[in-house]
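> Provide a 3D model corresponding to the input given below.
(one chain, ligands or ions: 1)
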Amino acid sequence: MGFYPAPPDAVAHAATFLKPPQGGFFCLLDPCCGEGAALQQLTETLDVAVDHVYGIELDPERAATSQSLLPDSHILGPASALGVACTRRTFSLAWVNPPFDDQMGGGDRVELQFLGQAIDWLAPGGVICVISESTSTHWTFRQLFIQWFEKISIEPFPEHYRPYKEVIVFGRRLERPRSPWSLNWNHELQPPHVYDIPPGRKPTRFIKVELTETELREALRVSPLQRHLQPHAGSQLVEPPLSLGKGHIALLLASGHLDGIVHPVGEPPHVVRGTAKKTQYVAGVEQSDNADGSVTTKTCLSEKITLTVRTVGVDGRIKTFEGE
Ligand SMILES: C[S@@+](CC[C@H](N)C(=O)[O-])C[C@H]1O[C@@H](n2cnc3c(N)ncnc32)[C@H](O)[C@@H]1O
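Residues are numbered from 1 along each chain as shown. Below is the predicted model of the structure:
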């Protein structure tokens, strides 16, 4: 959860390239606002109405600090920017200073996920300021950026605050994406200039819809469904008070209860399996003479249960006991 707050000088420098609309409100978003210092500085410098300020932060303490810095703003936390549902095409300005990292499980960079999310929530004509390591302005980042933004410019952080040679990448969001294949990053770059922030509306939806990883782990720990993952206590077989008679054993075999290993004392063990099936038999035949001289034969069929018991001993020989 790399916390590298943008230094106030860098935020102040970025703000010199941003011009708020003359009259009319606009909404400002920081999807990973940390302790909210950059958000507060931009709010004050650009004169944003505090209830038009939105932030998301994964770390609970940092989220609480942000909320206390900007009490009337809308801070979601602890929440992941990737687990928030928000009205699309809504914000006029997005300040995106994401953690620089590889995506969990491989694939792309985390910065790209944040950029993708910000694109979705930014209004067409809205302005984005992305903090990026100048060395890590990867091909994939550039492809996504030129697809969605025009009037792109890059401004380095003030010289004395550049531990990772950070830059601020500015752009104005297009109505719809254009094919990046015919575009060239260097041709798209413009000299630094002032961006007019368009007026905008508040999102009608800005809510956390997913648990953070920490919350998920805790929810799993206390979930009542955990009991399904516990091994069952083995059921104890009880010894009958009297030894079984033949009839009892037959019933147990017929009902499939006498299955498995049988190991009488002093005898080799064997496995027994009983199956019961219905078989048809002729219960009786009746013949009667009719008036016209013909004969009617009535055959009465009935069914009986036939029990088959098979055993297999340690020598592998299978014995079948059936019928008589
Ligand atoms: C580089 S700091 C930026 C702080 C602030 N925006 C600024 O510019 O000074 C990145 C912040 O992103 C937070 N973060 C990391 N993953 C996040 C996520 N999935 N959703 C929201 N915030 C996240 C970190 O906790 C950290 O506070």
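> quick one: low-confidence parts of the stretch 201-324 of the chain?
259, 323-324 (pLDDT under 70).
> what sits against residue 38?
5, 6, 11, 30, 95, 97 (CB atoms under 8 Å, 6 or more residues apart in numbering). C-beta: built from backbone N, CA, C; applies to glycine.
> what's the burial count for the fifth one?
Spelled out, it's residue 95. 28 (other CB atoms under 10 Å).
> what does the last one give?
Using other CB under 10 Å, residue 97 has 24 neighbouring residues.
> so residue 66, which of the three states?
Following DSSP: H, G, I helix; E, B strand; the rest coil, we place residue 66 in the helix state.
> Quick check on the residue nearest to it when sequence neighbours are not counted: phi, psi?
Excluding its sequence neighbours, the residue lying closest to residue 66 (CB to CB, 6 or more residues apart in numbering) is residue 36, at 3.0 Å. The phi and psi values for residue 36, taken as degrees, to the nearest 10, are phi 80, psi 10.
> And for residue 219?
Torsion angles, degrees, to the nearest 10, at residue 219: phi -60, psi -40.
> just checking, it touches residue 211?
Yes: Residue 219 sits in contact with residue 211 when judged by CB atoms under 8 Å, with a separation of 6.1 Å.
> and residue 261, bridged to which residues?
residue 271 (DSSP bridges).
> Hmm, residue 169 is touching residue 127, no?
No: Residue 169 is beyond contact range of residue 127, at 11.2 Å (criterion: CB under 8 Å).
> who has more neighbours, those two?
Each of residue 169 and residue 127 has its neighbours counted (other CB under 10 Å); residue 127 has more, 25 against 22.
> Skip the chain neighbours and tell me the closest residue to the more buried one.
Spatial nearest neighbour of residue 127, excluding adjacent residues (CB to CB, 6+ apart): residue 195 at 4.5 Å.
> now do residue 198
Residue 198's closest residue in space is residue 125 (CB to CB, 6+ apart), at 4.5 Å.
> quick one: contacts for that neighbour?
Counted by CB under 8 Å, 6+ apart, residue 125 has contacts 92, 172, 173, 198.
> tell me the secondary structure for residue 33?
With three-state DSSP as the criterion, residue 33 reads coil.
> again, but for residue 47
coil.
> Verify the stated contact: it with residue 21.
No: using CB under 8 Å, residue 47 makes no contact with residue 21, being 10.4 Å away.
> and stretch 87-101, what's its mean pLDDT?
The pLDDT scores in stretch 87-101 average 93.
> Now it - C-alpha only, CSV.
The C-alpha coordinates for stretch 87-101 follow below in CSV (Å, rounded to 0.1, in the frame of the first residue of the first chain):
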residue,chain,number,x,y,z
THR,A,87,-21.6,7.1,-11.6
ARG,A,88,-19.6,7.0,-14.9
ARG,A,89,-18.5,10.2,-16.8
THR,A,90,-19.0,12.5,-13.8
PHE,A,91,-15.9,14.1,-12.4
SER,A,92,-14.4,17.3,-13.9
LEU,A,93,-10.9,16.7,-12.3
ALA,A,94,-9.1,13.6,-11.2
TRP,A,95,-5.9,13.6,-9.2
VAL,A,96,-4.4,10.1,-9.6
ASN,A,97,-1.2,9.3,-7.6
PRO,A,98,-1.5,5.5,-7.5
PRO,A,99,0.9,3.1,-5.8
PHE,A,100,3.5,2.0,-8.3
ASP,A,101,3.5,-1.7,-8.5
